[in-house]
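Engineer: the following block contains a protein sequence and its predicted model.
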Amino acid sequence: MDHFESHAQSLVAPLRDAGEVTPDDATDLPVLPRAIYVGQSGDIALITAQGSPVTLVAVPAGSLVPLRAARIKATGTTAGSIVALW
């Protein structure tokens, strides 16, 4: 039973789902996430939801990055075990 099913999802509400990310230079993520979890430290090259390219440098393992990324690029990404959260 989900007691919160009838409540609207907000940006501060708990995340509802997740999916492992395979970095790809040409393909957007199948779902636009609300955040990204980083399991292994490193850099993350991405395209934001607004289309801006950016590289997050030296993201520590275990980080939860509250950024809506449309794409996680393979080129320039050294972090591993990345999970999209929405």
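Structural biologist: Here it is on my side, so go on.
Engineer: Ala84 contacts Thr22, correct?
Structural biologist: No: using C-beta atoms under 8 Å, Ala84 is not in contact with Thr22; the gap is 10.4 Å. Quick note: C-beta positions are derived from backbone N, CA and C, even for glycine.
Engineer: more neighbours: which of the two?
Structural biologist: Taking neighbours as other C-beta atoms under 10 Å, Ala84 and Thr22 compare with Ala84 leading, 22 against 10.
Engineer: so how far is Met1 from the closest residue in space to Thr75 that isn't next to it in sequence?
Structural biologist: Leaving aside its sequence neighbours, Thr75 sits nearest to Asp25 (C-beta to C-beta, 6 or more residues apart in numbering; 5.4 Å). As judged by C-beta to C-beta, to the nearest Å, Asp25 and Met1 stand 43 Å apart.
Engineer: tell me which residue is most central in this protein.
Structural biologist: With distances taken as C-alpha atoms, centre = their mean, Ile36 lies nearest the centre of the chain, 2.8 Å away.
Engineer: skip the chain neighbours and tell me the closest residue to that residue.
Structural biologist: Val65 (4.6 Å).
Engineer: ok, Pro33 next?
Structural biologist: Ala84 (3.8 Å).
Engineer: ok, Val21 next?
Structural biologist: Ile82 (4.2 Å).
Engineer: enumerate every residue touching that neighbour.
Structural biologist: If a contact means C-beta atoms under 8 Å, 6 or more residues apart in numbering, then Ile82 has Glu20, Val21, Pro23, Ile36, Tyr37, Val38, Gly39, Ile44, Ile72 as its contacts.
Engineer: who's it bridged to?
Structural biologist: On the basis of DSSP bridges, Ile82 is bridged to Val38.
Engineer: the residue nearest to Ile36 - how many residues pack around it?
Structural biologist: 17.
Engineer: and the residue nearest to Val21, how far from Asp24?
Structural biologist: From Ile82 to Asp24 the distance is 12 Å (C-beta to C-beta).
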